[in-house]
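Engineer: Here is a sequence together with a model predicted from it:
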Amino acid sequence: TLPQKVRLVDVGPRDGLQNESQPISVADKVRLVDDLTAAGLSHIEVGSFVSPKWVPQMAGSAEVFAGIQQRAGVSYSALTPNLKGLEAALEAGVREVAVFAAASEAFSQRNINCSIAESIERFTPVLEAAQAAGIKVRGYISCVLGCPYEGEVGADQVAGIARDLHAMGCYEVSLGDTIGTGTPGATRKMIEACAVHVPRDRLAGHFHDTYGQALANIYASLLEGVSVFDSSVAGLGGCPYAKGATGNVATEDVLYMLNGLDIETGIDLDLLVDAGARISQVIGRENGSRVARAILAA
Ligand code: HMG
Ligand code: MG
C-alpha cells in the first residue's frame, strides 16, 4: 500500500544551484526560496556552509538565510560538513542542518576530503553541538546505488552507514543516488537493507535523474514505505563531484505523479511551475521538468 501523505524536500536552491559556475545573485536565490515557500513546500534546503574554495556558489548562504521570508512550520535547512560549518549556520540563524557521508571511499575523499570513518567521527561533534543548540540534523549518504569512481556499491555498505547516522542522532537519513544509475529493483533491495537498521519512516529518497529512472525509483520507494523525497524545482543541478550527473528529479514531475496517486503533499503545482520557470530563466537554462514544459507549452 502507498502512503497517504508524502513530504517533499526541495533541494533546488542547494543541490540545484551549487553546480552553477555563473554567479547567481543573493536576490535571485532568495526569490527562489520565497517562491518555493509560496508554492507550499514544507521543507526547503536553502544553502551550504562548506568551504567556498570547494563550492563557490554556496558562499553567500548566510545572506540568503538573512533575506528569505520564513513561514512558520516550514523547515529551511543547510548542509554543514563540520563544526566550522555548523557554527556559521547557527550564526546565520539556521534551525536545521544536514551532514553528508558517502557509501564509497573514493567519493568520500573527493567530496569531503576524508574517509567514510573519518567523516562519521567528524559528524559526532556536529551532532552534539546541534543537539545542544536544539536544532535538527539530517544525514545524507551519497552513491547509494553506484559511485562514479568505484562503480557498484553494496546495499550492506549503505545500510551500515545509514545505521551509524541514525544511531548518532540524525532524525532522517536521505539515501542519495548521486549519479542516477539506480533502477527500481536495486532501489528496493537497498531500502530493505537499510530498513533492517533504520525505521522506514526515517528514510528519505534522493534521486538524481541522469538515467531517467528517478520517478520509477520513487515509486519503488513508495512501495517500500518511504514517504519523504528530495527533488529540485525545474530539475536544477548536478553535483560538482560527480561529473556528468544531471539534476535531481524535478519537483514538478514528482508532484504530478503523487497527485495522480491521490497522495497529499500540500504543494500547489501551478505555483511550483511558476517558480521553476522563473529560476530557469534567471540561469538561462531549459526547464528540466517535463511536466513544467508540458504545462507551459499547453
Ligand atoms: P578540507 O580542506 O579537508 O578542510 O575540506 P580543512 O578543515 O582542512 O579546511 C581547509 C580550508 O577550508 C580552511 O580554510 C578552512 O577554514 C576552510 P583556509 O585556511 O585554507 O583558508 N573550511 C571551511 N570554510 C567554510 N565553511 C566550512 C569550512 N570547513 C573548512 N564549513 C571540507 C573539508 C568538508 C570543508 C571540504 O571538503 C568541503 O567544503 N566540501 C564540500 C563539498 C560539498 O559541498 N559537496 C556538495 C554537497 S554534497 C552533495 O551534493 C550530495 C547530496 O546532494 C546527496 C547526493 O546526491 O549524493 C547531499
Ligand atoms: Mg544530490
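Structural biologist: All right, it came through fine. Ligands and ions are numbered 1, 2, ... in the order given.

Engineer: roughly how far apart are Val50 and ligand 1?
Structural biologist: 3 Å (CB to the nearest ligand atom, to the nearest Å). Every C-beta, even on glycine, is put in place using the N, C-alpha and C of the backbone.

Engineer: contacting residues for that residue?
Structural biologist: By CB atoms under 8 Å, 6 or more residues apart in numbering, Val50 lies in contact with 58, 79-81, 85.

Engineer: How far away from the center of its chain is the longest helix along the chain?
Structural biologist: Longest helix of the chain, by residue count under DSSP state H: helix 116-132. Average the C-alpha atoms of helix 116-132, do the same for its chain, and the two points are 19 Å apart (CA atoms, centre = their mean, to the nearest Å).

Engineer: Now that helix: buried residues?
Structural biologist: 116, 119-120, 122-123, 126-127, 129-130 (16 or more other CB atoms under 10 Å).

Engineer: for ligand 1, what are the nearby residues on the stretch 1-150 of the chain?
Structural biologist: When proximity is defined as CB under 6 Å from any ligand atom, the stretch 1-150 of the chain approaches ligand 1 at 15, 18, 48-51, 54-55, 79, 81-82, 84-85, 88, 100, 111-113, 140, 142.

Engineer: Which of those fall within helices?
Structural biologist: Using DSSP H, 84-85, 88, 111-112 are the members of those that sit in helices.

Engineer: hmm, back to that, and the buried residues of helix 116-132 as TSV, adding pLDDT?
Structural biologist: TSV is the format used below for those (pLDDT from 0 to 100):
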residue	pLDDT
Ile116	98
Ser119	98
Ile120	97
Arg122	97
Phe123	98
Val126	98
Leu127	98
Ala129	98
Ala130	98
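
Engineer: which two of those residues lie the greatest distance from each other?
Structural biologist: Ile116 and Ala129 (21.2 Å; CB to CB).

Engineer: In the protein, what residue spans correspond to helices?
Structural biologist: Using DSSP H, the helices found in the chain span residues 26-39, 61-67, 83-91, 105-112, 116-132, 155-167, 184-195, 214-223, 251-260, 269-283, 290-297.

Engineer: With distance to Gly235 as new columns, can those be given to me in JSON lines?
Structural biologist: Shown next, in JSON lines, are the helices of the chain (distance: least, CB to CB, whole Å):
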{"stretch": "helix 26-39", "distance to Gly235": "14"}
{"stretch": "helix 61-67", "distance to Gly235": "21"}
{"stretch": "helix 83-91", "distance to Gly235": "26"}
{"stretch": "helix 105-112", "distance to Gly235": "21"}
{"stretch": "helix 116-132", "distance to Gly235": "28"}
{"stretch": "helix 155-167", "distance to Gly235": "24"}
{"stretch": "helix 184-195", "distance to Gly235": "19"}
{"stretch": "helix 214-223", "distance to Gly235": "9"}
{"stretch": "helix 251-260", "distance to Gly235": "7"}
{"stretch": "helix 269-283", "distance to Gly235": "8"}
{"stretch": "helix 290-297", "distance to Gly235": "8"}
